[in-house]
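> 3D model of this:
(4 chains)
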There are 2 protein chains.
Amino acid sequence: MKDEIALKAWFRMLSNTALIEQELRTLFIQKFNVTLPQFDLMAALHHAGGTEKMSALSQRMKVSNGNITGVVDRLERDGLVERQAQLEDRRVKLISLTSLGAETFALMASAHKSWISEVLAEMSAEDLDVLYQQLFKMSRILKERAK
Amino acid sequence: MKDEIALKAWFRMLSNTALIEQELRTLFIQKFNVTLPQFDLMAALHHAGGTEKMSALSQRMKVSNGNITGVVDRLERDGLVERQAQLEDRRVKLISLTSLGAETFALMASAHKSWISEVLAEMSAEDLDVLYQQLFKMSRILKERAK
DNA sequence: TATAAATGTTTTAAGTATGAAATATATTGG
DNA sequence: CCAATATATTTCATACTTAAAACATTTATA
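Numbers count the residues shown, from 1 in each chain, chains lettered A, B, ... in the order given. Here you go, the predicted model:
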């Protein structure tokens, strides 16, 4: 019945996601010495147009604000991002990619994209499209619930 | 093109999974005071028929052996599982659910199932089935790569 | 304008995760 | 038998994660 298939689909989604994340993690560490959360944060900065406040990163990435502090600390230590004070509001820290960070992110994003498409190459374009449609429906439902 | 849709499907899958995990985590903590990894470990024990070695849990759950030690430590502290020595091989620790652990797991598994089906109730049985089929195809590909 | 409330960030405590080193025990080839 | 090797678990260092508390600063209001 429907409950069973929902549960099975959830378990599949969960384990597929974990497997892909696992492989991506080792790829990123080995090739770039950057962790997955660090990459995610750089991606969030990139999508924001280069600069974001800590709190905006926290919301965009849907992780706690305390978490952002630590990830930014390590990225800053490694010279990939920098914190700047905001003059108008001295509580705010503006985070941006350094030039090294931007370069590194570009390489990683491209490696990420080709790795994913290589992995999913065995699925047909139709299958991927069908999959995407269903995942999109699911995300609409989840977003609706979150309100 | 195909690369784009693969990447989009991956991002959707990732964010849907994260959202559901997030909600499940708070549900489990609030109702049972058990974390998601702790529930996963209890589920692994349940599926193993009640008892497993540490190393078998590590493989089944695809996490590091060091990790299992810590999760078992906390479950043991809370009286949900127990460690027993194996007489034939004194290196081995056999982990099993206590009666409290088995009871708790049963309640959690049922709450888990009804929560998931409630969340996905808005998708039709056909959509769920289509989704499951595609996720299953993907998991075959991933399993094949892992060899 | 004090001060209370709100906002932005960091810190803290507890738990999770990895990979590598350490420890304990078992197995095996010389 | 016994030294090398393999296996099972734990410990360690580092990083990530949350929620809640602490801190700093700004905004709103009595």
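> any idea of the mean pLDDT for stretch A:67-77?
In this model, stretch A:67-77 carries a mean pLDDT of 98.
> The longest helix along chain A to helix B:2-32, inter-axis angle?
Scanning chain A for the helix with the most residues, using DSSP state H, yields helix A:2-32. An angle of 110 degrees separates the directions of helix A:2-32 and helix B:2-32 when computed by axes from the mean of the first three to the mean of the last three Cα atoms, to 10 degrees.
> could you point out which element follows helix A:2-32?
helix A:36-47 (DSSP states H and E).
> Now do that next one against helix B:2-32, angle only.
120 degrees.
> Send me helix A:36-47 as PDB with only the CA atoms.
Taking Å, rounded to 0.1, in the frame of the first residue of the first chain, the C-alpha atoms of helix A:36-47 are listed here in PDB:
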ATOM      1  CA  LEU A  36      31.700  19.400   2.100                       C
ATOM      2  CA  PRO A  37      30.300  21.900   4.500                       C
ATOM      3  CA  GLN A  38      33.100  24.300   3.500                       C
ATOM      4  CA  PHE A  39      32.200  23.800  -0.100                       C
ATOM      5  CA  ASP A  40      28.500  24.400   0.600                       C
ATOM      6  CA  LEU A  41      29.400  27.600   2.300                       C
ATOM      7  CA  MET A  42      31.500  28.800  -0.600                       C
ATOM      8  CA  ALA A  43      28.700  27.800  -2.900                       C
ATOM      9  CA  ALA A  44      26.200  29.900  -0.800                       C
ATOM     10  CA  LEU A  45      28.600  32.900  -1.100                       C
ATOM     11  CA  HIS A  46      28.900  32.400  -4.800                       C
ATOM     12  CA  HIS A  47      25.200  32.300  -5.300                       C
END
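> hmm, who's touching that helix?
By Cβ atoms under 8 Å, 6 or more residues apart in numbering or on different chains, the residues outside helix A:36-47 that reach it are A:21, A:24-25, A:28, A:34, A:51-52, A:57, A:60-61, A:67-68, A:71-72, A:74-75, A:80-81, A:95-97, A:101-102, A:104-105, A:108-109, A:112. From N, CA and C alone the C-beta is placed, and that goes for glycine too.
> Let's see which of those residues end up in strands.
Counting by DSSP state E, those place A:51, A:52, A:81, A:95, A:96, A:97 in strands.
> Quick check: the first one touching residue A:94?
When you say that, I think you mean residue A:51. Yes. With contact defined as Cβ atoms under 8 Å, residue A:51 reaches residue A:94; the gap is 5.4 Å.
> Quick one: end-to-end length of stretch A:112-131, please.
Start-to-end span of stretch A:112-131 (Cα to Cα, to the nearest Å) is 20 Å.
> gap between that stretch and the chain center?
18 Å (Cα atoms, centre = their mean, to the nearest Å).
> Do it and chain B come into contact?
Yes. Using Cβ under 8 Å from any Cβ of the partner chain, stretch A:112-131 reaches chain B at A:113-114, A:116-117, A:119-120, A:122-123, A:125, A:127-131.
> and if you look at stretch A:55-75?
Yes. Stretch A:55-75 lies within reach of chain B by Cβ under 8 Å from any Cβ, at residue A:62.
> list the buried ones in that stretch?
If you call a residue buried by 16 or more other Cβ atoms under 10 Å in any protein chain shown, then stretch A:55-75 has these buried ones: A:56, A:57, A:58, A:60, A:61, A:63, A:68, A:71, A:72, A:75.
> And for stretch A:116-123?
Buried positions in stretch A:116-123, judged by neighbour count with 16+ other Cβ under 10 Å: A:116, A:117, A:119, A:120, A:123.
> what's the answer for stretch A:93-107, then?
A:93, A:95, A:96, A:97, A:101, A:102, A:104, A:105.
> now it: mean pLDDT?
Rounded mean pLDDT across stretch A:93-107 is 97.
> Indicate whether that stretch makes contact with DNA strand C.
Yes. Residues of stretch A:93-107 contacting DNA strand C under Cβ under 7 Å from any atom of the strand: A:93, A:94.
> which outside residues touch that stretch?
A:32, A:34, A:39, A:42-43, A:45-46, A:50-54, A:57, A:72, A:75, A:79-86.
> roughly how far is it from the heart of the chain?
Counting by Cα atoms, centre = their mean, stretch A:93-107 is centred 15 Å from the centre of its parent chain.
> Span of that stretch from start to end?
OK, stretch A:93-107 end separation, Cα to Cα: 26 Å.
> DNA strand C contacts on chain A?
So far as Cβ under 7 Å from any atom of the strand goes, chain A lies against DNA strand C at A:22, A:26, A:53-56, A:65-66, A:68-70, A:72, A:83, A:89, A:91-94.
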